[in-house]
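> only the shape, not the letters, is given here:
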């Protein structure tokens, strides 16, 4: 009995020691796959055919949304530089990345190609199988499927660039914004933290597609008790938000706001019209820069 107890304790000790090591190895592998994925997309964007092809195993294949199959290395050798095709290249969004075995990982996400004059192609979902061979992570299989253009997610793709963590820049008010997709990808969720004359203020906002009015709308609630509704119109790079709301003290407010994308990682926000109970209200003008995400 003593011998069996000692053997069991020794086994549990070894297991406890090995788990942190395994977790560290897994985290390192996930980081390596993520880096390989980013490098592969970068090669596609610059039209580096041989580098892109080298990210595929010899037998690796891709099946697109139409069911057409091709060898990954063959497809990679047909790509053109983004500059030559008046396109900005694929934008990759990774939704999940997990290890199946120490040498096999599955990456799920979405790609979106931006064409000439900023036009946006349909969003494609993908599931990619990465395998580690000779110490290098390679693509062995990619399966694509189209996102329903009438889905709530597709309707909001022109605002996908808002995802990430943002902070105020310059001499504007101190402000932090965190924007993420909801788990069902039906809404964009924004948390805005700033200061007001009454003290710290947190604003929770849900941006979504309203199928009744066939418009993008936002529903806003603040930590002081105010709430509002906004109607969005724009072209992906610049948006006008017509907002109406109720202040915590019951007064009625209305505003017209302009949101402009300013490069890849900055935006400008300006309140051009603001009324409170019919009288003039304060106007705001600020610039935000992305700190992380996207």
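Happy to help now that I have it. In this text, all values refer to a predicted model and were calculated from it rather than measured experimentally.
> run a quick neighbour tally on the residue nearest to residue 157 when sequence neighbours are not counted.
Closest residue to residue 157 apart from its sequence neighbours, by Cβ to Cβ, 6 or more residues apart in numbering: residue 123 at 5.4 Å. C-betas here are computed from N, CA, C, even on glycine. Per other Cβ atoms under 10 Å, the neighbour tally for residue 123 reads 20.
> for residue 123, give me its contacts.
110, 111, 112, 146, 147, 153, 154, 157 (Cβ atoms under 8 Å, 6 or more residues apart in numbering).
> which of the three states applies to residue 75?
Counting by DSSP: H, G, I helix; E, B strand; the rest coil, the backbone at residue 75 sits in helix.
> how much space between the spatially closest residue to it that is not a sequence neighbour and residue 229?
With Cβ to Cβ, 6+ apart as the measure, residue 62 is the residue that lies nearest to residue 75, at 6.0 Å, once sequence neighbours are left out. Noted for residue 62: a distance of 44 Å to residue 229, by Cβ to Cβ, to the nearest Å.
> look at the two and report which has more neighbours.
Residue environment comparison for residue 62 versus residue 229 gives the larger neighbour count to residue 62, 20 against 14, counting by other Cβ under 10 Å.
> pull up the gap between the more buried one and residue 106, please.
Plainly put, residue 62 is 15 Å away from residue 106 if you go by Cβ to Cβ.
> what does residue 133 give?
Note on residue 133: its distance to residue 106, by Cβ to Cβ, is 16 Å.
> more neighbours: the two, which one.
For the pair residue 133 and residue 106, the greater number of neighbours falls to residue 106 (15 against 11), based on other Cβ under 10 Å.
> that one: what's it in contact with?
96, 97, 98, 100, 127, 128, 129, 130.
> assign residue 41 to helix, strand or coil.
helix.
> which residue sits closest to it, ignoring its sequence neighbours?
Residue 41's closest residue in space is residue 92 (Cβ to Cβ, 6+ apart), at 4.9 Å.
> that neighbour touches residue 44, doesn't it?
No - taking Cβ atoms under 8 Å as the definition, residue 92 is not a contact partner of residue 44, at 9.3 Å.
> those two: who's more crowded?
Each of residue 92 and residue 44 had its neighbours counted (other Cβ under 10 Å), and the higher figure belongs to residue 44 (24 against 18).
> helix, strand or coil for residue 249?
Using three-state DSSP as the criterion, the local structure at residue 249 reads coil.
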